[in-house]
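Chemist: sequence first, then the predicted structure:
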Amino acid sequence: MYNIDIQVYLKENILDPQGKAVNQALQQLGFTEVKSVRVGKFIRLQTEEITGIEERVKAMCSKLLVNEVVEDMSYSISPAR
């Protein structure tokens, strides 16, 4: 079995109102060292070993998991424990 961890986040040029709200809340709570926040989503898939797993992950992302107009993504594949 393998874990596929996918991180999806807004592109840099896209406004992130949720990140801005979190940043303001952190500032109000005294965490002034935080200068900016970007909020995204984390998706973990589990799969058995398959040939061409990286191509399959990219296809899943482009067809369903990521809105490529406004979002970027990164992923990692590791053996499940």
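Modeler: Sure, I can see it.
Chemist: going forward, measure contacts and count neighbours with C-alpha atoms only.
Modeler: Noted.
Chemist: contacts for the longest helix seen in the chain next, please.
Modeler: The longest helix of the chain (DSSP state H) is helix 17-28. Here helix 17-28 makes contact (C-alpha atoms under 8 Å, 6 or more residues apart in numbering) with T32, V34, K35, S36, V37, R38, V39.
Chemist: in a markdown table, list those along with secondary structure.
Modeler: Below are the contacts of helix 17-28 laid out as a markdown table (DSSP: H, G, I helix; E, B strand; the rest coil):
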| residue | secondary structure |
| --- | --- |
| T32 | coil |
| V34 | coil |
| K35 | coil |
| S36 | coil |
| V37 | coil |
| R38 | coil |
| V39 | coil |
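Chemist: and N23, how many residues sit next to it?
Modeler: Using other C-alpha atoms under 10 Å, N23 has 20 neighbouring residues.
Chemist: strands along this structure, start to end?
Modeler: For the chain, applying DSSP state E gives strands covering 2-10, 40-47, 71-79.
Chemist: what angle separates the shortest one from helix 17-28?
Modeler: Here the directions of strand 40-47 and helix 17-28 differ by 120 degrees (axes from the mean of the first three to the mean of the last three C-alpha atoms, to 10 degrees).
Chemist: so what does strand 40-47 touch, helix or strand wise?
Modeler: Counting contacts by 3 or more C-alpha pairs under 8 Å, 6 or more residues apart in numbering; DSSP states H and E, strand 40-47 is packed against strand 2-10.
Chemist: counting by contacts, list what the strand it packs on packs against.
Modeler: Counting contacts by 3+ C-alpha pairs under 8 Å, 6+ apart, strand 2-10 is packed against strand 40-47, strand 71-79.
Chemist: turn those into a markdown table, columns for mean pLDDT.
Modeler: Below are these laid out as a markdown table (pLDDT from 0 to 100):
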| stretch | mean pLDDT |
| --- | --- |
| strand 40-47 | 97 |
| strand 71-79 | 96 |
